[in-house]
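[1] Could you work out the structure for the sequence below:
(chains A and B)
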Amino acid sequence: MKNISNQEIKGTCDWMPEEMATRNYIFNTWRQVCKSFGFIEYLTPLLENADIYRAKSGGDLGQKELMVFVDQGGRELAIRPEMTPSVVRMVSKTYNTVSKPLKLFSIANFIRNEKPQRGRNREFWQLNCDIFSESGELADLEILQLAIDLVLAFNPPKNSFVLKINHRGLINSLFDIIKIKDDQKTPTMRLMDKYNKMSGDELIKSMEEIGLKNEQIDKILKFIKASDLDDLVDKIKELKTCFGFIFLKNIISQLNSLGYKDYVEFDSAVIRGFDYYDGLVFELFDKHPDNNRAMFGGGRYNSLSNLFGVKDFPAIGFAPGDETFKLFLESWNILPSINLKQDYYYLPLLSEDLKNDVFLLAKKLRRDNYRVELGLSITKISRALEYADKNKITQVIILGEDEKKKGVYKIKDMLSGEEKIINL
RNA sequence: GUGGCUGUAGUUUAACGGCUAGAACAUCGGGUUGUGGUCCCGAUAACGAGGGUUCGAUUCCCUCCAGCUACCCCA
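    Numbers count the residues shown, from 1 in each chain, chains lettered A, B, ... in the order given. Here you go, the predicted model:
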């Protein structure tokens, strides 16, 4: 019989104890910060009706990146590629009767059928944080603060990241001003989103291909090249009275007064690809030269809920991924080293006759909340200590014939070499 | 989906159109008959898969697979 490969499925990876420990460190820190903001944890099923992704997700996500299969009843099911439709579905079931506002988070895995690359796997995990039912500016403010605090919780160096914010309302006002046609809006936004990746000539050429006129292109370029909000309304004066501008001006000044001045800036080129965003949009960037990329992003998506035949309700959220987050921590070298057997007590079996005594002692110690790793084959004491060294176990429990005769056992501290004698 | 680079033990790697594919670290066993980190000895373990060229391929060619990476796309 041919052997089955022991490789993981493409785009997925095994979590060996070391990687699992790192992941737990990140997830635990996320959890702690979310709870400190009064958010509560939820989870939805891995499978959803495929239609909920096809309807709104925009781009490839609801199409070729979706893992779809048919169940025995002929239903088309999809493995979730993102959390937002699921959490909106879940909330929409009870929205009218539940206490509001809802501040929710989850840590879950997702599958997207795409080619793996740096910072992007087919299976990945992300934290999703959302606030439902609050449309006011303070919900936006709190979400942004949470996004920044989540990164700050890992003690990154100064100037290691920045939160770039923008507002879809501001972009829509621009489109009103230049009187762009409806069917040109989405392709134009895609191009604006790519501003930093394309050369100026390519960008202009692509905009001409969409059918934009020179004066329209001129204004769009002024818009995405604006260095800050004041510069923007200086160049495009009509924007001064629009909602998006006033909103952004306000929220930045509030974040500044809360002490986040170094971490926030306006960036007119932050657009985001999902169609369902309709208010604040933002992206958090790693500023490390070796890893200059968006770590995660989010925004306001008030109208997504009508997908489920429910009246619209306000929603805002974001979702950091495990892989991009880890790259950030690695690029700044702020991942702590983890000892897998921290606080473990190693209890070797030193002779055949001691089997029962050793198991009994382990049982007693475990009941007292010690973490006891029992030796399962007979070992010489020198090898037992060597094993403890190799595995960075700092406490070794010695129960040999001599100890048994005296009715005691010893706990040896591997760092100091000291031994404590305790009665059995 | 498109392009580039790369596939030798668990890991890092060496060499080669032919001879037993060599090492280091890791793992396991032993060296001191109850006290470790060092040291010494030994064992296990690899040419990604298939096809072609050739007397002979791990080496050259093709296809596939996988990995990395840049695009496309993007929470």
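[2] which residues of the stretch 101-250 of chain A fall in helices?
    In the stretch 101-250 of chain A, the segments counted as helices under DSSP state H, counting those that start in this stretch are A:137-152, A:168-177, A:182-193, A:200-210, A:214-225, A:229-235, A:243-255.
[3] The stretch 301-424 of chain A too?
    Using DSSP H, counting those that start in this stretch, helices in the stretch 301-424 of chain A cover A:322-331, A:355-367, A:381-390, A:401-406.
[4] In CSV: these, plus mean neighbour count, distance to RNA strand B and mean pLDDT.
    For the C-beta atoms, the positions are set from N, CA and C on the backbone; glycine is no exception. Listed next are these as CSV, based on neighbours: other CB atoms under 10 Å; distance: least, CB to the nearest atom of the strand, whole Å; pLDDT from 0 to 100:
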stretch, mean neighbour count, distance to RNA strand B, mean pLDDT
helix A:322-331, 20, 7, 91
helix A:355-367, 14, 11, 95
helix A:381-390, 14, 3, 92
helix A:401-406, 13, 3, 92
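[5] Export the ones you listed to a markdown table and append columns for distance to A:I421.
    Below are those laid out as a markdown table (distance: least, CB to CB, whole Å):
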| stretch | distance to A:I421 |
| --- | --- |
| helix A:322-331 | 44 |
| helix A:355-367 | 14 |
| helix A:381-390 | 16 |
| helix A:401-406 | 8 |
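[6] Contacts only, for the residue of the stretch 301-424 of chain A found nearest RNA strand B.
    Using CB to the nearest atom of the strand, the single residue of the stretch 301-424 of chain A nearest to RNA strand B is A:G400, 2.5 Å away. By CB atoms under 8 Å, 6 or more residues apart in numbering, the contact set of A:G400 is A:L350, A:S351, A:L354, A:I381.
[7] Would you enumerate the residues in contact with the third one?
    Which is A:L354. A:L354 neighbours (CB under 8 Å, 6+ apart): A:L399, A:G400, A:E401, A:K404.
[8] Assess the claim that the third one and A:D357 are in contact.
    No. Using CB atoms under 8 Å, A:E401 makes no contact with A:D357, being 10.0 Å away.
[9] and the residue nearest to the spatial centre of chain A, backbone torsions?
    When CA atoms, centre = their mean is applied to chain A, the residue found nearest the centroid is A:P320 (2.5 Å). Backbone torsions for A:P320, taken as degrees, to the nearest 10, come to phi -80, psi 140.
[10] for the closest residue to it other than its chain neighbours, helix, strand, or coil?
    Distances taken as CB to CB, 6 or more residues apart in numbering place A:F296 nearest to A:P320, at 3.8 Å, with adjacent residues excluded. With DSSP: H, G, I helix; E, B strand; the rest coil as the basis, A:F296 sits in strand.
[11] Can you tell me the SS state at A:V270?
    Classified using three-state DSSP, A:V270 is coil.
[12] What is the most widely separated pair among the contacts of A:L354?
    Using CB to CB, the pair of the contacts of A:L354 lying farthest apart is A:L399 and A:E401, separated by 9.2 Å.
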